[in-house]
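In: Dropping a prediction and its sequence here:
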Amino acid sequence: MTDRYAVIGHPIGHSKSPLIHGLFAQACGHTLRYEALEGPLTPADGFERLVHDFRAQGGLGLNITAPFKLRAFALADERSERATLAGAANALKFEGGRILAENFDGIGLRRDIEVNLQCPLAGRRVLLLGAGGAARGALLPFLHAGPAELVLTNRDEAKAQALVAELAGRGPLRSRPYAALAAEGRFDLVVNATSASLSGQLPPVPASVFSPTGTAYELAYGKGLTPFLKLARQAGVRGVADGVGMLVEQAAEAFAWWRGVRPATTAVIDRLTVPLE
Ligand code: NDP
């Protein structure tokens with residue numbers, strides 16, 4: 001029987017995951033089937049059944065996208081530390097009768113920044129905007145990279161403060177409200193892990209946080225120059241990127257977790273990249 005994998009989301013029609021995993025399988029010489037499964041309209045309405053049915057039909061693993069990452073985390077039998085901190089799973093593996101949960105978003109983001117964009121985090125000042133699932137998933141991978149400082153900012157400040165408290169002693173992490181950022185000087189890397197760009201909005205970040213020799217990274221992808229990236233450009237930043245590389249890198253991590261081989265990503269990223277302007 002052909003090995004089966006899938007991505008579940010809602011809506012799922014525009015998902016790039018079947019294309020990405022198809023290209024990985026081809027490059028690695030693996031034969032597998034990877035589908036896009038439309039999840040229920042509301043997560044409470046049959047997400048778990050869809051997962052269990054897929055598994056009962058011989059499915060080996062799933063990618064999970066919005067809005068089901070929290071439910072996927074909750075239904076797992078075992079969760080990695082990364083997934084636990086994020087409180088969310090973006091990949092599941094069915095193994096030995098158990099459901100294992102992982103979250104590769106943060107490690108995919110770090111790899112895109114450090115390897116593909118050649119922007120090492122060690123010793124740098126990093127500003128992370130947002131405290132939702134994607135930002136939470138990025139905290140440990142970022143801290144493991146050894147930044148000089150990691151500042152977390154969120155509209156709902158209590159969420160950022162709670163995350164900093166949870167990670168006390170794990171690295172140079174602190175939270176600051178948006179209103180205090182103007183006094184923080186320039187950062188080498190500013191990462192927009194808010195969902196503001198999905199509705200064409202700009203998080204209330206001052207232009208003074210950007211460094212012309214630094215990098216501005218937008219997690220959303222396929223949106224061209226978002227208001228955040230435009231602000232960075234206006235502040236003189238030349239190194240701007242969207243989240244397409246992160247998408248491909250997290251997929252490569254999931255492929256490696258399921259199949260034991262990490263596929264090369266450069267050609268796949270090139271294929272999916274849409275010029276920002
Ligand atoms: P969540 O819904 O979990 O979190 C949303 C976050 O955005 C919260 O911190 C929220 O703040 C903040 N936010 C929303 N609107 C605004 C605004 N107008 N101004 C300031 N802050 C705002 O989303 P995710 O973490 O899952 O996703 C975040 C982004 O990352 C999305 O753009 C998503 O597409 C992208 N993403 C990209 C991936 C990739 O592979 N490239 C993978 C995963 C996500 P508050 O808590 O105050 O409400």
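Out: Here it is on my side, so go on. Every value quoted in this text rests on a predicted model; they were computed, and no experiment measured them.
In: Need the per-residue pLDDT for Y217.
Out: Looking at Y217, its pLDDT is 98.
In: Ignoring the adjacent residues along the chain, who's closest to whatever residue of the stretch 51-200 of the chain ends up closest to the ligand?
Out: At 1.8 Å from the ligand, G132 is the closest residue in the stretch 51-200 of the chain, using C-beta to the nearest ligand atom. Quick note: C-beta positions are derived from backbone N, CA and C, even for glycine. Spatially, and ignoring its direct neighbours in sequence, G132 is nearest to S195 (6.6 Å; C-beta to C-beta, 6 or more residues apart in numbering).
In: Now do the same contact list for that neighbour.
Out: G130, G132, A220 (C-beta atoms under 8 Å, 6 or more residues apart in numbering).
In: Tally up the residues packed near M1, please.
Out: Neighbours of M1 under the rule other C-beta atoms under 10 Å: 6.
In: nearest spatial neighbour of it, skipping sequence neighbours?
Out: Once flanking residues are discounted, M1 sits nearest to G58: 5.8 Å by C-beta to C-beta, 6+ apart.
In: Would you mind confirming that that neighbour is in contact with R4?
Out: Yes - if you go by C-beta atoms under 8 Å, G58 and R4 touch, sitting 5.8 Å apart.
In: mind checking pLDDT for the residue of the stretch 51-200 of the chain closest to the ligand?
Out: Note on G132: pLDDT of 91.
In: need the next SSE after the helix or strand hosting F73, C-terminal direction.
Out: Element membership of F73, judged by DSSP states H and E, is helix 69-75. For helix 69-75, the succeeding helix or strand toward the C-terminus, using DSSP H and E, is strand 78-79.
In: Does anything pack onto that following strand? Which helices or strands?
Out: Applying 3 or more C-beta pairs under 8 Å, 6 or more residues apart in numbering; DSSP states H and E, one finds that strand 78-79 contacts strand 98-102.
In: The strand or helix carrying A160 vs the ligand: in contact?
Out: For A160, the host element (DSSP H and E) is helix 157-166. Yes - against the ligand, helix 157-166 shows contacts by C-beta under 6 Å from any ligand atom at K159.
In: is the ligand contacted by the next helix or strand after that helix?
Out: Next along the chain after helix 157-166, taking DSSP H and E as the criterion, comes strand 173-175. No - in terms of C-beta under 6 Å from any ligand atom, no part of strand 173-175 sits within range of the ligand; the closest distance is 11.9 Å.
In: List the strands paired with strand 173-175, with their directions.
Out: Applying DSSP bridges to the sheet, strand 173-175 is found paired with strand 149-153 (parallel).
In: roughly how far is the partner strand from the heart of the chain?
Out: Distance of strand 149-153 from its chain centroid, counting by C-alpha atoms, centre = their mean, to the nearest Å, is 17 Å.
In: Quick check: residues of the chain near the ligand?
Out: Counting by C-beta under 6 Å from any ligand atom, the chain sits next to the ligand at 105, 130-135, 154-156, 159, 193-198, 201, 203, 219-221, 243, 246-247, 250.
In: same thing but at 5 Å, please
Out: Within the chain, the residues that sit near the ligand (C-beta under 5 Å from any ligand atom) are 105, 130-134, 154-156, 194-196, 201, 203, 219-220, 243, 246-247.
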